[in-house]
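Asker: Build the 3D model from these lines:
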Amino acid sequence: MSTDTRTTEQLATTKHQPHAAEPLSTRDLFDVFQPVFERIAGGAVEREQRRILPFEQFAWLNERRFGALTVPRPRGGYGATLEQVAELLIALAAADSNVAHVYRSHLGFIASLGSDESEVWFPRIAAGETVGNAATERSGAALGTAATTLTRTGDGEWELNGTKYYSTGSIFSDWIQVTAQIPGHEERSHALVKSSWDGIELVDDWDGFGQQLTGTGTSHFRAVKVPASHVRNRDGRATQETAVFQLVLLAVEAGIARAAIDEGVHLVRSRTRGFNTGTGSVAREDPQILQRVGELSAKAGAARAIVLQAARELDAAIGVLGGDPLLENPQELTNACEVPVAHAQVVVPDLVRDVTDGIFDLLGASAVGKSKSLDRFWRNARTVATHNPTMYKARIVGDHRVNGTPMFGLNAIGEVNPSGEPTTKQG
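Answerer: Here you go, the predicted model:
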C-alpha cells in the first residue's frame, strides 16, 4: 500500500508499532497529524477571542500520541528527528500557536531523560501521556534556588510544598515536573507528580497579552505525597534539554509568521477598497502591495529556514555526542546544542515581529478591527520572544566564540544577588 493511499488511521497505528525498522518520513508524519492541525485551526480565532482553553484540541493530538514524536520507534514512539519535530511544530503553531507552545515542557522533559529513566517514562509517553512544568516562582527565592520544598516523611516518601507561576501546559498534562529544594541541599531537585494527585491545584490566571491559552498560571502544591522514585536530581548534568526548550519556542514563532503572512495574503486577495493616494489598482494588483507581500513572505520563509537549520545542527550534535554516557567533556554537548539555537534566537524574533507588524501595511484601517484579531499574531510572537530573553543570547554566543566561555541555556530565574555583585550561576 502506497503512502498516498494509506489512511491516517493506518499510519497512526499499524506503521507505528514498536520495533518497526524503517524510519518515518516527514510526509508520513504529516499524514498522521495534518488533519488534526486543520481541525485545530478551524476554531483558533474564536478561542482567542473568548479565552477558551484548548483542552479538546490537546486531546485530539494526544489521541495520535503527538507527545511521543521523539520517543524511539522500538520504544513505541515515532522516532522523529528534531528537524521533523520543528517542521510539525511550525505547522501546528500556524494553526494555533498556543497549542504548539504547550508541548515545550513535554519535549524538553523527554530530552532530559537518562537511560534508566527512559525505561519508566517512554512507555507512559508512548501511551499518550504528557508532562508539564512548574519551575518558576514569582519572587523570594535566590537565583538558582527554589522556595518550593521537598522534605522526607517518616514513611520513606517525600512531601512537596510550594507555589509556582508560569506553569505552562501543566493544566493540560497528566504529569508535572516541579522544581524544588531539599532543605540543606544546595542543588535543586525535581518532583514528578501526577496532576490529579491530592494537594495539587492548577489555576489559569496568566494575565499576559499574548499566548493566553497555554494554561500558564499558578500551581499550588500543598502537602503532596511523592514516592521516592519520583524525585530526581539533574543539576549539573549536560543535556540537550534547554536547547530543545528553545527550539520549540523558535518553531512556534516561525509558525506564527507563517500564519500571519497567509492571513495577510488572503485579505489582500479579497480587498476591493483603496485610497486616492494609491496606484489606482485593487490591492491584489497594486505593485507596492505586492512588493510588501514579497518582503514579508521572504522574512517568514527565512525564519522557518533558520529554525530548521538549527534543528538539523541540534540533531547532528546529539547524534555525535548525546549517545555517549561516558562523555569525557559533557560541556562539549551543551556547547554543540546551545550555539545553533542561540544563533537562531538572535535573528528569528526580529524577522517574525517584522511579519506580524508588517501585515497591517497591506490593508486599511479595517485590519485593526477586533473581529479579525490580526493583533493576535504580534501579541503572541512578542510574548514567545520574552521567554529565554533574546537580549542575552548574542552576548553569550560572542563570549563563547571570543573567550571560550562555556555555553549555557536558561534553567533558573530568581532574585539577583542582593549585594549587587553580578552572578553567572547557571543551576
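
Asker: mind listing what's buried in whichever strand or helix holds residue 58?
Answerer: Taking DSSP states H and E as the criterion, residue 58 maps to helix 55-63. Neighbour-count burial for helix 55-63, with 16 or more other Cβ atoms under 10 Å as criterion, is recorded at 57-58, 60-62. C-betas here are computed from N, CA, C, even on glycine.

Asker: what's that helix packed up against?
Answerer: For helix 55-63, the elements it packs on are helix 26-42, helix 97-112, judged by 3 or more Cβ pairs under 8 Å, 6 or more residues apart in numbering; DSSP states H and E.

Asker: Tell me where the stretch 201-350 of the chain is predicted with low confidence.
Answerer: Low-confidence segments of the stretch 201-350 of the chain, defined by pLDDT under 70: 234-238, 276-277, 322-328.

Asker: follow-up on the earlier one: how far off helix 26-42 does the helix holding residue 58 point, in degrees?
Answerer: Helix 55-63 and helix 26-42 are oriented at 170 degrees to each other (axes from the mean of the first three to the mean of the last three Cα atoms, to 10 degrees).

Asker: How about residues contacting helix 55-63?
Answerer: 33, 36, 39-40, 43, 67, 92, 96, 99, 102, 128, 130, 172 (Cβ atoms under 8 Å, 6 or more residues apart in numbering).

Asker: Mind checking which of the residues you listed are buried?
Answerer: Neighbour counting with 16+ other Cβ under 10 Å marks 33, 36, 40, 43, 67, 92, 96, 99, 102, 128, 130, 172 as buried within these.

Asker: Could you single out the nearest of the contacts of helix 55-63 to residue 158?
Answerer: Residue 158 has its nearest neighbour among the contacts of helix 55-63 in residue 130, at 22.7 Å by Cβ to Cβ.

Asker: can you tell me which residues contact the closest one?
Answerer: Applying Cβ under 8 Å, 6+ apart, we find residue 130 in contact with 62, 67, 103, 106, 169, 172-175.

Asker: min pLDDT across the residues you listed, which one?
Answerer: Looking at these by pLDDT, the weakest one is residue 169, with 91.

Asker: Could you export the contacts of helix 55-63 to TSV, including columns for distance to residue 148?
Answerer: Shown next, in TSV, are those (distance: Cβ to Cβ, whole Å):
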residue	distance to residue 148
33	35
36	35
39	37
40	33
43	36
67	25
92	31
96	31
99	28
102	22
128	28
130	21
172	21
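
Asker: Skip the chain neighbours and tell me the closest residue to the residue most central in space within the chain.
Answerer: With distances taken as Cα atoms, centre = their mean, residue 104 lies nearest the centre of the chain, 3.0 Å away. Closest residue to residue 104 apart from its sequence neighbours, by Cβ to Cβ, 6 or more residues apart in numbering: residue 248 at 4.2 Å.

Asker: and the helix or strand hosting the one you found, what other elements does it pack with?
Answerer: Assigned by DSSP H and E, residue 248 belongs to helix 241-270. Under the contact definition 3+ Cβ pairs under 8 Å, 6+ apart, helix 241-270 sits against helix 82-95, helix 97-112, helix 287-317, helix 330-358, helix 375-385.

Asker: Return the closest of the buried ones among the contacts of helix 55-63 with respect to residue 395.
Answerer: Using Cβ to Cβ, residue 102 comes nearest to residue 395 of these, at 30.0 Å.

Asker: Run through the residues that contact the closest one.
Answerer: 54, 58, 168-169, 172, 214-215.

Asker: cool, and residue 30?
Answerer: Residue 30 touches 87-88, 91, counting by Cβ under 8 Å, 6+ apart.

Asker: rerun that using 10 Å as the cut-off
Answerer: Residue 30 makes contact with 11, 37, 84, 87-88, 91, according to Cβ atoms under 10 Å, 6 or more residues apart in numbering.

Asker: what do you get for residue 338?
Answerer: 240, 242-243, 246, 314, 317, 345, 393, 396-397, 400, 406-409.

Asker: Same check on residue 170?
Answerer: 102, 105, 130-134, 164, 176-178, 193, 195, 200, 202, 214-217, 219.

Asker: Any chance of the backbone angles for the spatially closest residue to it that is not a sequence neighbour?
Answerer: Using Cβ to Cβ, 6+ apart and skipping the chain neighbours, the partner closest in space to residue 170 is residue 132 (3.2 Å). Taking degrees, to the nearest 10, you get phi -100, psi -170 for the backbone angles of residue 132.

Asker: and what of residue 228?
Answerer: Taking degrees, to the nearest 10 as the convention, residue 228 sits at phi -60, psi -30.

Asker: For it, give me its contacts.
Answerer: By Cβ under 10 Å, 6+ apart, the contact list for residue 228 reads 152, 156-158.

Asker: Helix, strand, or coil at residue 321?
Answerer: Put simply, residue 321 is helix when judged by DSSP: H, G, I helix; E, B strand; the rest coil.

Asker: what's the burial count for the nearest residue to it once chain neighbours are set aside?
Answerer: Leaving aside its chain neighbours, residue 321 sits nearest to residue 333 (4.4 Å; criterion: Cβ to Cβ, 6+ apart). Per other Cβ atoms under 10 Å, the neighbour tally for residue 333 reads 21.

Asker: cool, residue 196 as well?
Answerer: Other residues near residue 196 number 8, with proximity taken as other Cβ under 10 Å.

Asker: For PyMOL, write the selection for the buried entries among the contacts of residue 338.
Answerer: To isolate the buried ones among the contacts of residue 338 in PyMOL, judged by 16+ other Cβ under 10 Å, type:
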select buried, resi 240+242+243+246+314+317+345+393+396+397+400+407+408+409
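
Asker: Out of the contacts of residue 338, the closest to residue 189 would be?
Answerer: residue 242 (17.5 Å).
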